[in-house]
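Asks: Got a predicted structure plus its sequence, pasted below:
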Amino acid sequence: MNSEWVKGSLLLAATLSAGIAIGVWLGRTDSPADNGSHVAAMQMDQQHVMHMLHQALKLDSVQHRAIIATLHRHQSMVDSAWGALRPHVNATLDSTHAEIMNLLRPEQRQVFRQLISHGHGGSLQ
């Protein structure tokens, strides 16, 4: 198997995973006051992804700009898909957290609540 293809596939998988993780994190926080930090986080993630792509693929400046334009062009579709998926992901996470809470001792539950609230704005309070 071509090593460049493998590297590219792994990079694409990492990028997709990072996007999903950020989407979950952003989707779990509904505070309008945090909107500026969300935009900054997404921009930092895009810069990181583009740096990884640039390093791995040795992009020229035209390719670099074209890939950024492609990502921006498809962002509305990603946002739309996440909007449809988000309620189901939230419900699944809430159900998972509730099951975990039932497995913990009382003193562990408070720590778990704190971990959840710091991790992604979970609703277990």
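Replies: It's in.

Asks: who does the helix or strand where Ser95 lies touch, helix- and strand-wise?
Replies: Using DSSP states H and E, Ser95 maps to helix 61-103. If contacts are counted by 3 or more CB pairs under 8 Å, 6 or more residues apart in numbering; DSSP states H and E, helix 61-103 sits against helix 3-28, helix 35-57, helix 106-120. The way it works is simple: take the backbone N, C-alpha and C, and place the C-beta from them, glycine included.

Asks: check contacts around Ala66.
Replies: The contact partners of Ala66, by CB atoms under 8 Å, 6 or more residues apart in numbering, come to none.

Asks: before we move on, the earlier item: worst average pLDDT in the helices and strands packed on helix 61-103?
Replies: For the helices and strands packed on helix 61-103, mean pLDDT drops lowest on helix 3-28, to a mean of 66.

Asks: circling back: give me the mean pLDDT for the helix holding Ser95.
Replies: pLDDT averaged over helix 61-103 gives 89.

Asks: what's the distance between Leu57 and Ala13?
Replies: Noted for Leu57: a distance of 15 Å to Ala13, by CB to CB, to the nearest Å.

Asks: typo on my end, Ser80
Replies: As defined by CB to CB, Ser80 lies at a distance of 22 Å from Ala13.

Asks: and if you look at Met44?
Replies: If you measure Met44 against Ala13 using CB to CB, the figure is 20 Å.

Asks: Thr70 too?
Replies: Taking CB to CB as the measure, Thr70 falls 18 Å from Ala13.

Asks: quick revisit: so which of Leu57 and Ala13 has more stuff around it?
Replies: Leu57 (15 against 10; other CB atoms under 10 Å).

Asks: Would you mind confirming that that one makes contact with Trp5?
Replies: No. Judged on CB atoms under 8 Å, Leu57 makes no contact with Trp5 at a distance of 11.6 Å.

Asks: List the buried residues for stretch 103-116?
Replies: Using 16 or more other CB atoms under 10 Å as the test for burial, stretch 103-116 gives Phe112, Arg113, Ile116.
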